[in-house]
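**Student:** predicted structure and sequence below. I'll ask about it afterward.
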Amino acid sequence: MNPILKILKALNSNQAPWQISLAVIFGMVVGLLPFLNLTTLFFIFLVFIINVNVGIFILSASLFAVVGFILDPVLSKIGYLVLTFEPLIPLWTAIYNIPYMKWTAFNNTVTMGALLISLILAFPMFVILNKLIEKYREKIAWFFNKYPILKSLKIFTIYEKTIGKD
Amino acid sequence: MKIFRLWGLILFLVLLAVFFAFFKFFFDGLVKVAIEKGGSAALQRPVEIKDFKSNLLSFEFNIDKLQIADNDDPMKNVVSIDKIQFNMNQQKLLAWKKYHIEHMLFENISFFTKREKPAKIKKVEKKETKEIKEEKLDFESFTQKLNIPTAKEILQKEQLKTIQVAKESKHQLKQIKEKWERIAKEDFPKEKQEIKQLQKEIKQLEKEAKKLKKPQDYKKFAEKVKKIKKEINKKIKRIKQLKKELEQDKKVVTSVYPKIKQASKEDLQKLKQKYSLSLEGGLNLAETIFGKEIKGYLEKAIEYYKIASPYLKRGEEKQTEIEEKKFRMAGKYVEFKEYHPYPDYVIQNAKLSLNAFDSKISGNLKDYSDNQKIYGKPLKISFNSQNGKMFKTFDLNSVFDRTTNTAKDNINLKITGLKAKDYDIQNYIKFTNNKMNVIGDIKILNEKELKGYLKLVFSNTTPVVLKQDNAGKILKKLFSNINKFYVGIDLGGEINSPDIKIKSDLDEMLSKRLRGMVKEKVAKLNADLQKTINSQKQKYLKEFEKYQKKFKKYESYISNYESQYKKLLKEATKKLGTKKYEKQLKEKLKEKLKFNF
């Protein structure tokens, strides 16, 4: 399916805005993380068990993978600063000495940088995206009522049903 | 709206299971490719494995037929190992990401074996390697040196100064000889006659003196006496001149003698020098026969050492610096202090079997780790075997110690009763039936400073001369009964520019023999030259002696004539003295005046 169409479908689906926002955020984390490790697997696991939009997650992960490709040097530098930040070293050392933690690759500069940036951005993004989706849906509902031709694209079926139900 | 979805968990687990199943299915193939690609990149030569099998439950791994191809020959392997088997400590790997192998097996490690299929050799940018120069013996000049000509041949070829001096003097001597022969033939008889004539004339004048009466007679007589005395003086003067000339010519002739003697001396010296053998530097046969091969092996060993060295302390050198990133999935791992430090890679024990010298030599690798400072034990590799097909005993013990800040590596080798291959020198001579003992000890400090030696003691060697030409004959004599010698290799310098010196008592033995052969030949040549030059010298000197004898004869003639002339002059003065006849005339004139007055 065309990604734009996919986004439109999701935006106009009966899912709550947080489901889409969280999917984008998970996608951002997984996309920015450089490779498959326990950290990535953990976020994928979250995607599966939390009721988020998987399609949006995949799209977001793909998009942020490209962003990550560009930002890797910056992420690596940030990760390095964090990992070598003197007051935090005892914490990292303690984590480093926990069994299986090495497989999370937390001590990788890009992983740490990506994780840190995506976690910092997560909350504001969540709030902003929620708001945007809500605004968007209001506009689309109005748009949908105004132009019946768009109705024939059947993008809004679910939303229509939802609206109908509401 | 539900926050969690149960089906998601189930789906996740299903997908995870599918992923692992897929992973298991493709794991072996993926690892095979990874080993081949990674190995080829690391070693810069094609690495292939026939099969890789794993058991992810027991963490057992099996590599079949590992081949590392030779970049220069696609049908040859530099190293091949039939089987590599190991199991990893699961707990250490899963919990701590430590690759700990407790037991490992390397079966049939072989070097330089033939391949069944050609390797796909990529064009690798060749590092600038020092070309090992093959030392070549200049047999032509060597045999020419030994092929000393006879004195006769030399004298035919060489211009003797003796002859040159003699020839130059010959013309002068001939002139002198002719001059004096002419004088002896023409002048000396004349002198005899002239003396007789003068004696006659003096006697005649004596008679005339008795008949003197008139003053006019006296006057005439006085004039005659004066004339004869003048004549005698003239003759004396001429004789004196002749004597002087003879002296001068004698000097000329006499000067030729030392000239010829000196020239003959110089000739002998020059020819001795020219035709004696210069053995400066010796033959350097050990370098010629074994140099290229030994240097080749050592350079290869050093090359492998340089490849392997970083793996002995990789754990120590984990970088925390961020390198410029070129692609995703890079980044750097920042290492933190481990509460219970342990190297990332450890092989506790590995059994090795090496195919060398047509035998299987069993070995042991103990305590490999990528951080010996943490592990606290140096890597030890040893190979020991007895009664192999080509040797009696084989012992190789090596220790690679990185437990302290000073890296200390030691390789100790002892092989006894090794059947060595045949060696030949430029197809001239072949050493067959070689048996040798090899001992060696090499130390490398800080992966840089190289120090050590290798000694190959050859015994039971039979030298066979392959060419029956002149050089071959000389070599046969030279090498006869040489069946024991050693070749020593001294190692020094640095690993990047090793200083390899090869020495051997073979060179010493041959030099000694050669010197003996040469001494004999040179002594004979010197004697012959002396004899021949002396005979030349004598030939000229005999001629000279003849001259000298003749000069003595001429000298006596001249002296005789001189004394005779002087005697005549004396006689003339005494017998025909004018004063006596002046007195007589005065008395006669007085008497006449007395009678007149």
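**Tutor:** Received the coordinates, thanks.
**Student:** which helix or strand lies directly C-terminal to the helix or strand of chain B with the lowest mean pLDDT?
**Tutor:** In chain B, the helix or strand scored least confidently by mean pLDDT, DSSP states H and E is helix B:139-146, which has a mean of 59. Next helix or strand after helix B:139-146 toward the C-terminus (DSSP states H and E): helix B:151-157.
**Student:** average model confidence for that next one?
**Tutor:** In this model, helix B:151-157 has an average pLDDT of 73.
**Student:** buried set for that helix?
**Tutor:** Residues B:151, B:154, B:155 are the ones in helix B:151-157 that count as buried (16 or more other C-beta atoms under 10 Å in any protein chain shown). The C-beta positions use only the backbone N, C-alpha and C, and glycine is treated the same way.
**Student:** how near is the last one to residue B:532?
**Tutor:** Think residue B:155. As judged by C-beta to C-beta, to the nearest Å, residue B:155 and residue B:532 stand 6 Å apart.
**Student:** just residue A:69 next, same as before
**Tutor:** 96 Å.
**Student:** counting neighbours, go ahead and name the busier of these two.
**Tutor:** residue B:532 (20 against 15; other C-beta atoms under 10 Å in any protein chain shown).
**Student:** find the nearest non-adjacent residue to the more buried one, please.
**Tutor:** When the adjacent residues along the chain are set aside, residue B:532 lies closest to residue B:151, with 4.8 Å between them (C-beta to C-beta, 6 or more residues apart in numbering or on different chains).
**Student:** so which of the buried residues of helix B:151-157 comes closest to residue B:411?
**Tutor:** The closest of the buried residues of helix B:151-157 to residue B:411 turns out to be residue B:154 (C-beta to C-beta; 55.9 Å).
**Student:** surely that closest one meets residue B:272?
**Tutor:** No - assessed by C-beta atoms under 8 Å, residue B:154 is found out of contact with residue B:272, at 10.3 Å.
**Student:** quickly list what's touching both of those two.
**Tutor:** Residues touching both residue B:154 and residue B:272 (C-beta atoms under 8 Å, 6 or more residues apart in numbering or on different chains): B:525, B:529.
**Student:** coming back round to it: tell me the contacts of the residue nearest to residue B:532?
**Tutor:** B:525, B:528, B:529, B:531, B:532.
**Student:** what is the neighbour count of residue B:533?
**Tutor:** Residue B:533, neighbours per other C-beta under 10 Å, totals 23.
**Student:** how close does it get to chain A?
**Tutor:** Using C-beta to the nearest C-beta, to the nearest Å, one gets 92 Å for the distance from residue B:533 to chain A.
**Student:** again with residue B:9
**Tutor:** 5 Å.
**Student:** so that residue is in contact with residue A:47, correct?
**Tutor:** No - the pair residue B:9 / residue A:47 is not scored as a contact, 11.2 Å apart, by C-beta under 8 Å.
**Student:** and residue B:342, what element?
**Tutor:** Per DSSP H and E, there is no helix or strand for residue B:342.
**Student:** for the residue nearest to it when sequence neighbours are not counted, give me phi and psi.
**Tutor:** Leaving aside its chain neighbours, residue B:342 sits nearest to residue B:98 (5.8 Å; criterion: C-beta to C-beta, 6+ apart). Backbone torsions of residue B:98, given as degrees, to the nearest 10, read phi -110, psi 130.
**Student:** quick one: residue B:98 and residue B:346 touch, right?
**Tutor:** Yes - when contacts are counted by C-beta under 8 Å, residue B:98 is listed as touching residue B:346 (7.3 Å).
**Student:** from chain A, how far out is the residue lying closest to residue B:392 once chain neighbours are set aside?
**Tutor:** Excluding the flanking residues, the one nearest residue B:392 by C-beta to C-beta, 6+ apart is residue B:417, at 3.1 Å. As for residue B:417, its distance to chain A is 52 Å (criterion: C-beta to the nearest C-beta).
**Student:** which residues touch residue B:417?
**Tutor:** Counting by C-beta under 8 Å, 6+ apart, residue B:417 touches B:391, B:392, B:393, B:435, B:437.
**Student:** may I have the phi/psi pair for it?
**Tutor:** phi 60, psi 40.
**Student:** so what's the residue count around residue 60?
**Tutor:** Chain wasn't specified; assuming chain A. For residue A:60, the neighbour count with other C-beta under 10 Å is 22.
**Student:** correction: the question concerned chain B.
**Tutor:** By other C-beta under 10 Å, neighbour count at residue B:60 equals 13.
**Student:** for residue 119, give me the pLDDT.
**Tutor:** The chain I'm using is chain A. For residue A:119, pLDDT reads 93.
**Student:** switch to chain B, that's the one I care about
**Tutor:** 86.
**Student:** show the buried residues in the contacts of residue B:417.
**Tutor:** By 16+ other C-beta under 10 Å, these give B:391, B:435, B:437 as buried.
**Student:** got the buried residues for stretch B:12-21?
**Tutor:** For stretch B:12-21, by 16+ other C-beta under 10 Å, it's residue B:12.
**Student:** find the closest residue to chain A in the stretch 201-350 of chain B.
**Tutor:** Residue of the stretch 201-350 of chain B nearest chain A, by C-beta to the nearest C-beta: residue B:331 (3.3 Å).
**Student:** then the stretch 101-250 of chain B?
**Tutor:** Counting by C-beta to the nearest C-beta, the stretch 101-250 of chain B gets nearest to chain A through residue B:101 (18.2 Å).
**Student:** and the strand or helix carrying that residue, which strands flank it?
**Tutor:** Secondary structure from DSSP H and E places residue B:101 in strand B:99-114. Within its sheet, and counting by DSSP bridges, strand B:99-114 is paired with strand B:73-88 (antiparallel), strand B:345-356 (parallel).
**Student:** quick one: contacts of the longest one?
**Tutor:** In this structure, residues lying in contact with strand B:73-88 by C-beta under 8 Å, 6+ apart are B:45, B:58-70, B:99-115, B:118-121, B:347, B:350.
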